[in-house]
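> what follows is a protein structure lacking sequence information:
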């Protein structure tokens, strides 16, 4: 499991999986400063640079030289004024954008500007999920989304046909009753990566301005402390922090309302939650890490619409989590493992556990003879009802998974994310109609959430996840969850509390049994760098490290003696490692291979001393997921 640095050039050479459902390349209309669709054959990097130049008619002041003392912060950022700025082009952000433009069109306001900023090079590139989608929110937003009469329908859906739930021992799969929340009748197995690309096209059709490759890195406030928009990060800064010849100042986007739809543990969301104390009435968030692959399997093993969930092996009894395997598309299988990040043993590696899980007969018999075509990893919110913060703040709101609307027992969050975006859109539209100049506060959004199906379904299952923290452990949690699912149905007068924050749950290495993981066989299980190559991950190496640790040596001094390299094991991309170094007092040197990062956010959540801050790298970088 020793991690090694993988250069960006190696990553590019290794990644050969074709893209299947791409959003059309886009440029910006110079006259209107709005994007329009064109077919083109230039690189995303050039397109993004062209968009930045086109968004303003003001010429650049100068380019910095390598030996120049020029401070880029002395240069003013260009700014654009919009009605609503949405950070994040996932299901929540795009649903909010589409709904806003629908409302504006109904009111005859064609000049109402809605803008979506997405840090990925193309929509969907950073999206990863199971995914079995409950279609209720999508049915409401775009009623003809799967209609045969709609030429632009979303075609990549596989109707769910059969659910199986199994408890695994090392070599056996024991039948388990599935809770009613996991009944998937009427649901569809999809690639969320494909669906987000499709949603992006629908958004552009109704007039949403979508800018992929723009990484929002800073919240902007007015003199009263009200959010007035966001700024994107500077491009062309060297690893040492100095401007290069390619330097370009970031842009500011000013908006009456700013909606944060960053997904789990958003970097701007963290700042807003802290500034406005949005968790004052809620518990801390808890998280899981999902590690996933997509396989093309032999046709005779393919069962379209089959949904398999598992608990137990390979995870130890003190670790919450479970596996999945979904048959979808044409002979494709989505397989993955979610590990609760409140696991105590620092020797445990979620990536290694996933490789072990695939060797179980239940999964191996399906994967044998197949081909792994994609890999990815992402954290997900597991706190549920108890951990929902205040979602409205002066000048904006939190929507989607950045607020924590995942239904853990149901293993679904796309429908709740989309619905939250739609509710925020309605509240935003109404607020802007009655407030032309003053501060916008979306009180109505909070009310809409509490009266929505989101609130109802999360409250009903609120005690299931924290029940696994009781002294009864794994088996007690399973039994209690069964009572909640079939008998109590969320009507109990009590609400169970979450245990410690995930980072605080980590024990020291000398308190736990060391785990040795089998060597990958290269057929079913793989080494971590081979997997990262399948994620399409790419970062320019000569830029500031976006995994911010103030002092690498000080970090090693406090983490290594107690946890013996937990960072290397919790990271599913080989970003962190301790290298033998006789010049250091510890005999090891802490190293960050930031170019490997798949943007999962695990490090920011799980590191025991909480001294790693995940910040956005340059726009357009990171993973380039396919079929995830």
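That came through, no problem. Just so you know, these numbers come straight off a predicted model, no measurement behind them.
> tell me the SS of the residue nearest the centre of the chain?
The residue lying closest to the centre of the chain (C-alpha atoms, centre = their mean) is residue 263, at 4.7 Å. Three-state call for residue 263 (DSSP: H, G, I helix; E, B strand; the rest coil): coil.
> now for the closest residue to it other than its chain neighbours, how many residues are close by?
Nearest in space to residue 263, with sequence neighbours left out and distances taken as C-beta to C-beta, 6 or more residues apart in numbering, is residue 401 at 5.0 Å. No exception for glycine: its C-beta is placed from N, CA and C like everyone else's. Around residue 401 there are 29 other residues, counting by other C-beta atoms under 10 Å.
> repeat that for residue 221.
Residue 221 - counted by other C-beta under 10 Å - has 14 other residues nearby.
> need the phi and psi values for it.
With angles defined as degrees, to the nearest 10, residue 221 sits at phi -120, psi 150.
> what is it paired to in the beta sheet?
residue 227 (DSSP bridges).
> any idea how far residue 441 is from it?
Counting by C-beta to C-beta, to the nearest Å, the gap from residue 221 to residue 441 is 14 Å.
> also residue 317?
47 Å.
> okay, these two: which has more neighbours?
Ranked by neighbour count (other C-beta under 10 Å), residue 317 and residue 441 place residue 441 first, with 18 against 8.
> phi and psi next, for the more buried one.
According to degrees, to the nearest 10, residue 441 has phi -120, psi 120.
> tell me how many other residues crowd the closest residue in space to it that isn't next to it in sequence.
Computed as C-beta to C-beta, 6+ apart, the closest residue to residue 441 that is not its neighbour in sequence is residue 394, at 5.7 Å. Neighbour count of residue 394, defined by other C-beta under 10 Å: 18.
> list the contacts for residue 394?
Going by C-beta atoms under 8 Å, 6 or more residues apart in numbering, residue 394 touches 224-227, 276, 439-441.
> run the last query once more with 10 Å
221-222, 224-228, 272, 275-276, 439-442 (C-beta atoms under 10 Å, 6 or more residues apart in numbering).
> now render those residues as TSV, adding distance to residue 348.
Converted to TSV, the contacts of residue 394 look like this (distance: C-beta to C-beta, whole Å):
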residue	distance to residue 348
221	41
222	46
224	47
225	42
226	44
227	39
228	44
272	32
275	34
276	35
439	47
440	45
441	44
442	41
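> just the buried ones from these?
226-228, 272, 276, 440-442 (16 or more other C-beta atoms under 10 Å).
> three-state assignment of residue 515?
Per three-state DSSP, residue 515 ends up coil.
> any idea how many residues pack against the closest residue to it other than its chain neighbours?
Of all residues not flanking residue 515 in the chain, residue 347 sits nearest, at 4.5 Å (C-beta to C-beta, 6+ apart). Residue 347 has 18 neighbouring residues, counting by other C-beta under 10 Å.
> what do you get for residue 201?
18.
> can you give me the helices in the stretch 301-450 of the chain?
350-358, 361-367, 414-433, 443-450 (DSSP state H, counting those that start in this stretch).
> how far does stretch 225-234 sit from its chain's centre?
Its chain's C-alpha centre and that of stretch 225-234 lie 21 Å apart, by C-alpha atoms, centre = their mean, to the nearest Å.
> brain fart, stretch 414-423
That offset, for stretch 414-423, works out to 15 Å (C-alpha atoms, centre = their mean).
> please point out which parts of it sit buried.
Result for stretch 414-423 [16+ other C-beta under 10 Å]: buried residues 414-423.
> gap between the two ends of stretch 253-269?
17 Å (C-alpha to C-alpha, to the nearest Å).
> that one: which residues count as buried?
253-269.
> ditto for stretch 612-628
Buried, per 16+ other C-beta under 10 Å, within stretch 612-628: 612, 614-628.
> and what of stretch 279-293?
Here stretch 279-293 shows 282-293 as buried, counting by 16+ other C-beta under 10 Å.
> what do you get for stretch 453-464?
In stretch 453-464, counting by 16+ other C-beta under 10 Å, buried: 454-455, 457-464.
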